[in-house]
Structure formats: structure tokens, C-alpha cells
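pasting a predicted model and its sequence here:
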Amino acid sequence: MHPSRLLLILCFIAFISLGLPDALLGVAWPTMADEFSTTLDRLGIIMTGGTVGYALSSFMIGAIINRIGLAGLLIQSASLTVIALVLFVVVPSWYWMPFVALIAGLGGGGIDAGLNAYVEKHYSSRIMQWLHASFGVGVTIGPAIMTLSLAMSGLWRPGYLLVAFLLLLMLSAFIYYRGLWGREPETMQTEQLVQVSLLATLKLPAAWLSMLAFFLYTSAEIGLGFWAFTLLTESRGVMLATAGLWVTIYWGSFTLGRIVAGVLAPKFGEMRLTLFGLLISLIGLVLFTLQIGGPGGVYGLALIGLGFAPTFPALLSTTSERVAKAHVTNLIGMQISAAGVGLVVMPLSLSLLVSTIGLEVLAPVFLAMTLMVFLLLKVFKRPSN
């Protein structure tokens, strides 16, 4: 196989490994919380530990790659993730889990920021959509594994161990092919530009609108993926296997949507495709909030995942349509950081809402977030100098 093609496959594998463990906790948490005699809202504290790790490693990504290279980053990040998955299995109390999630976040953030910057530099927007579809493959398989583990044994630990084994195989592939990352892929050439300061980029209104869109969108996408299972089973009386199936379908439709978006984006334009997708998600969120369509409104989850699909990679690929090219590198980092901040702030906020109002507050909150993202995209302007 040609090295460039193999390198691209490894990029996809890396994003599968990023998504695979992410959705395990949302399905496993009700069983874990019962075993550790804690409350459901503590999930937000654990998620916060993970997203702090994610934000830290994303922020330091440039220094890490300069020191150990992209291959070293992938090997180190996958190793941290495997270690965290094993620690989840052996810790004696939920109090340890935010610290374990911090380790997992350090691994996931390194893969996410490093490969997003690499693919944006070397590959097309179509590849960016398919890269993030690979993440969707991981988060689709993860809930299915955990649901199967719970259904067959009533235990959550076998699910974590199986995912740890799969990631160990991926880590082996990163080690074996580590020499490939020193090559430049034979793709389009990138322009050499004088980079402006971070402060100059922060002065652009489009930069703040972009960061707000990433903050809100990521909070809605990941928040729904984590809380849907608990909302369905604990508040709406949906059977465990049914809820697990539809959370899997949520991530599965999300993955399918990104594969299709990679084909359609060059023809219809990424921003137009993203706006259409968000409209589909809003319809799905209305159905899910009102519990229309299937037990607990689960049919809406498929529409939400399908509509969400193109948003994150499309917003990354269209950064140069919102700001001048000299600002693009700065803004890509800021957008990913804003997504990370959203994943730190929103779990705690949502946990407080759940503990004070109840689980049913979540669906209308996700609906409001998505509507705000749609409105923000409608007001984005052409590049600013």
C-alpha cells in the first residue's frame, strides 16, 4: 500500500480510537452509580475531569508535537487512554473516576487537536468530514459494546476491558507504523503565510461568533450523547436494551451523516449543508422533547444525530470563509479550545439543572443550544482582514 494512503488510514484509525471510549460512560453510568451508591448527577463531575484533561492537552498540542512528533503524540495519547480504561475497571470508588477521566481526556485531546490541525493542513474538506465520521464509528461501537455487556452479564466492567483491548491493538498499529508520520503526504500544497498574533485574531467579531458556535454545538452534541440513556431509562421508563439501541442509533446516524456529508459537501457547499442538517436536528429535538415518535421520543434521536453530523468538521474546514487566511491557524486552535471549554462548563451546569429541576430539563436545553448555533451560522459574514 502507498505510504500516503496508509497514513490516511491511520488517521481514520486514530479518530476511531478517539470516539470508541467516549460514549461508554453514558450507557454504563446508571449501573455504575448504583454499584458505587452515588447519585446520577455525579456523572457531570466525572465528565468535567475528562474535559479538563482534553482542554489541557489540546492547548499544549503544538509544544508536544514539536518535542515528540505526531507519531509520538499518537502513541502517547493512545497509551494514556488504554491506561485510563483499565483504571476505570479497578478503582474502588467513584471518587477516583474524575481523576481517571482526566487521564483519558489527556489522551483524547492530544489525538483530536493534533490530527485536526494535520488534516486541515494537508487534506480536503471531504477528508475532514470522513475523519470525523471515523470518530462517529467509535462512538457508535462503544455504546453497543456496553449495552451488550450489560444485557449479557449485568456488568459494566467487561465492556471497558473489551474496549481497552481494541485500543491496545490500535496502539500497536501506531507503534509499528510510527515512521510514516515523518513523511509529507502527496496532497495539495499549503500556502506559507505570515501568522498574525492571537490578540489580532481575538479582535475580530467573527472569531468570537465562531468560538461561541463551537462552545454551544459541542455541548449539545456530547451532552445529548451522554445523558440520553439516563434520561430515557430513569425518567421516561424506557427499557435498558431499547435505550441502549437508540443511543447507538444516535451515534450511528451521526456517523452515516458524516460519510454522506463528505460526498455532498463539494457539490452543495459545506455551510449550506450544515444549516440544512441543523434544521433536521431541530425537528428531531422537538420530537424528543415532546416524546413524540417511539418510546420516550427515541425516533427523534436518529434525526438529531443525522443532522448534527456535518457541523463540527464543516465549521473547521470553513474557517477561512469567516476570517482572512492569516488568522486561520489561530482561529482553528481557538475553536477547538472553545469546544473544550464547553465540555468543561456544560457538564457541571447540566448536573446542577438535573439535581434541582430533574432530567426532563435536558431536552429543551439541548434544543435551545442547537437553535442558537443555527442562528449564529446565519449571521456569519465573509472573511475579515
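Cool, the structure landed.

got the contact list for the residue positioned nearest the centre of the chain?
The centre of the chain sits closest to residue 222, judged by Cα atoms, centre = their mean, with a distance of 6.3 Å. By Cβ atoms under 8 Å, 6 or more residues apart in numbering, the residues touching residue 222 are 22, 343. C-beta here means a position set from N, CA and C on the backbone, and glycine is covered the same way.

how near is it to residue 127?
23 Å (Cβ to Cβ, to the nearest Å).

repeat that for residue 210.
Taking Cβ to Cβ, one finds residue 210 at 21 Å from residue 127.

between the two, which one's more packed in?
residue 210 (25 against 19; other Cβ atoms under 10 Å).

isn't residue 170 up against residue 13?
Yes: the pair residue 170 and residue 13 qualifies as a contact (Cβ atoms under 8 Å) at a distance of 5.6 Å.

report the secondary structure state of residue 306.
Secondary structure state of residue 306, per DSSP: H, G, I helix; E, B strand; the rest coil, is helix.

check what pLDDT it gets.
On pLDDT, residue 306 comes in at 92.

do residue 157 as well
92.

neighbours of the closest residue to it other than its chain neighbours, how many?
Closest residue in space to residue 157, ignoring its immediate chain neighbours: residue 89 at 4.9 Å, by Cβ to Cβ, 6 or more residues apart in numbering. Residue 89 has 14 neighbours, counted by other Cβ under 10 Å.

now do the one 10 residues further on
For residue 99, the neighbour count with other Cβ under 10 Å is 14.

my guess is residue 336 contacts residue 111. True?
No: under the criterion of Cβ under 8 Å, residue 336 makes no contact with residue 111, lying 11.9 Å away.

which one of those two has more residues nearby?
Shown here are residue 336 and residue 111; by other Cβ under 10 Å, residue 111 has more neighbours (28 against 25).

so how far is stretch 319-332 off the chain centroid?
Chain-centre distance of stretch 319-332: 22 Å, with Cα atoms, centre = their mean, to the nearest Å.

quote the end-to-end distance of that stretch.
7 Å (Cα to Cα, to the nearest Å).

same check on stretch 322-330?
13 Å.

may I see the buried residues of it?
Buried residues in stretch 322-330, counting neighbours by 16 or more other Cβ atoms under 10 Å, are found at 322, 323, 324, 327, 328, 329, 330.

how about the helix or strand encompassing the fifth one: buried residues?
The one in question is residue 328. Residue 328 is part of helix 328-356 when elements are defined by DSSP states H and E. Neighbour-count burial for helix 328-356 flags 328-344, 346-347, 350-351, 353-354 (criterion: 16+ other Cβ under 10 Å).

so where's the stretch 1-150 of the chain uncertain?
Along the stretch 1-150 of the chain, segments meeting pLDDT under 70 span 1-4, 59, 61-63, 66, 117, 120.

quick one: the strands in it?
Counting by DSSP state E, counting those that start in this stretch, the stretch 1-150 of the chain has no strands to list.

other SSEs contacting the helix or strand just after the helix holding residue 328?
Next helix or strand after helix 328-356 toward the C-terminus (DSSP H and E): helix 362-379. Counting contacts by 3 or more Cβ pairs under 8 Å, 6 or more residues apart in numbering; DSSP states H and E, helix 362-379 packs against helix 205-230, helix 270-290, helix 328-356.

for helix 362-379, the distance to its chain's centre please.
That offset, for helix 362-379, works out to 17 Å (Cα atoms, centre = their mean).

what's next to it, contact-wise?
So helix 362-379 is contacted by 209, 212-213, 216-217, 219-220, 223-224, 227, 231, 271, 274-275, 278-279, 281-282, 285-286, 288-289, 297, 311, 350, 353-354 (Cβ under 8 Å, 6+ apart).

try stretch 78-91
By Cβ under 8 Å, 6+ apart, stretch 78-91 touches 14, 17, 21, 96-97, 100-101, 103-104, 106-108, 110-111, 157, 160-161, 163-164, 167-168, 170-171, 174.

mark which of these are part of helices, please.
14, 17, 97, 100-101, 103-104, 106-108, 110-111, 157, 160-161, 163-164, 167-168, 170-171, 174 (DSSP state H).

please check the residues you listed and keep the buried ones.
The buried subset of these (16+ other Cβ under 10 Å) comprises 14, 17, 97, 100-101, 103-104, 106-108, 110-111, 157, 160, 163-164, 167, 170-171, 174.
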